[in-house]
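# Sequence and predicted structure below; questions after.
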Amino acid sequence: MADWGMAVATVMDEEEAWTRLKEADASGQHFRLVVIDFLPHDPAPENFVRSIQDDPRLRDTAIICLTPLAEDLQQKTWKYPNKIRYVSKPVGGSVLLDCVVRSFFVLPNLVVDSKPLEVISSAEHAPRILVAEDNLINRLVISEMLSHAGITPTLVENGQQAIEQVQHSEFDVVLMDCQM
């Protein structure tokens, strides 16, 4: 997560986590995201999630629960369920990044630029964009966003396919996952 430009604090247990959360609150540097590693059949993380949700100072904190494959915590009754995301372990980097991004989309006071996209009216003037993305959902989202601007991108699933496309076609822009 630090590689994504996020400030990361790692703790070993709930007590240390509470200490860091309180220190951050006192300094005005609130944590916007808490990632909790759930162990099989351990009730402590559930209690910690509930404590975060019950604290008015932390109510806007997004929570990502790293869960064992066998556990289904999504069925739990949480006070603010839209602030919690679940990822089954083991977690890949792009899956975690997707979850982090989605966590921030539900937070209040999110400022979104509401200016409409400038739509390109002629296909001959549209930029030629190659999108290399291994995550199907991300490819669909990127494609949909670009289509709203009148752009039909070329989509590939991996770096090798991107290299092959660049060798055979010209592109104005190549959008590529930094882990590709």
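Structure received. The structure displayed is predicted, hence computed values, not measured ones.

# now the helices: where do they sit in the protein?
14-27, 44-54, 93-105, 136-148, 159-168 (DSSP state H).

# so how far is the last one from its chain's centroid?
Its chain's C-alpha centre and that of helix 159-168 lie 27 Å apart, by C-alpha atoms, centre = their mean, to the nearest Å.

# that older thread, go through the helices of the chain and name the closest to residue 36.
The minimum distance between residue 36 and the helices of the chain falls on helix 44-54, with 4.9 Å, by C-beta to C-beta. The way it works is simple: take the backbone N, C-alpha and C, and place the C-beta from them, glycine included.

# which helices and strands sit right next to the worst-scoring helix or strand of the chain on mean pLDDT?
Within the chain, judged by mean pLDDT, DSSP states H and E, the helix or strand with the poorest mean is helix 93-105; its value is a mean of 74. Contacts of helix 93-105 with other secondary structure elements, assessed using 3 or more C-beta pairs under 8 Å, 6 or more residues apart in numbering; DSSP states H and E, are made with strand 33-37, strand 62-67, strand 84-88, helix 136-148.

# If we go by neighbour counts, what in it is buried?
Using 16 or more other C-beta atoms under 10 Å as the burial criterion, the residues of helix 93-105 that qualify are 96, 97, 98, 99, 100, 103.

# try stretch 145-159
Judged by neighbour count using 16+ other C-beta under 10 Å, the buried positions of stretch 145-159 are 146, 150, 151, 153, 154, 155, 156.

# Please apply the same query to stretch 21-40.
When neighbours are counted by 16+ other C-beta under 10 Å, the buried residues of stretch 21-40 are found to be 21, 24, 31, 33, 34, 35, 36, 38.
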